[in-house]
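Asker: Got a sequence here, can you model it:
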Amino acid sequence: MNMLPKVDKAFIPIEKLTKYALNPDCDQDKVIAFELALGYKLDNYEELRQNIYKNLKNYEALPKGHNGFGEIYEVTMNLIGANGKTAKVLTVWIDDDETGEMRLVTLHID
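Answerer: Numbering: from 1, shown residues only. Purely as a prediction, here's the structure:
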């Protein structure tokens, strides 16, 4: 299995959850999907963050090529949410050429 490179140093910016994926002022469909599928909302974003960290090593990373800023990887994982339900979550990561950081770029219910 091809694990995400630098998996032990992978970083999930809090803003990707609080200002994007779980923010009702941003993408309403994404917010509703996370709440219905896994029970995650703004007030428990840290649980989602820790859930991704905990499961990241258990799933294969698919290389998607270089986007001009770094190598892109997709990791799709089955997460058990705050509501006890299981759903597939697609996470996208960049191995940033400038900073050397492996960072979450986006995520959504798959």
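
Asker: Tell me how far stretch 92-103 lies from the chain's centre.
Answerer: 14 Å (CA atoms, centre = their mean, to the nearest Å).

Asker: neighbours of P24, just the number please.
Answerer: With neighbours defined by other CB atoms under 10 Å, the count for P24 comes to 12. Using the backbone N, CA and C atoms, a C-beta is placed for each residue, glycine as well.

Asker: before we move on, what about T91?
Answerer: Counted with other CB under 10 Å, the neighbours of T91 add up to 25.

Asker: pLDDT at it, what is it?
Answerer: Listed pLDDT for T91 reads 98.

Asker: same question, M1
Answerer: pLDDT, read off for M1, is 82.

Asker: my guess is it meets K57, correct?
Answerer: No: look at M1 against K57 with CB atoms under 8 Å: they stay out of range, at 9.5 Å.

Asker: hmm, who's touching stretch 13-26?
Answerer: Identification of contacts with stretch 13-26 by CB atoms under 8 Å, 6 or more residues apart in numbering yields 27, 30-31, 34, 40-42, 45, 48-49, 103-108.
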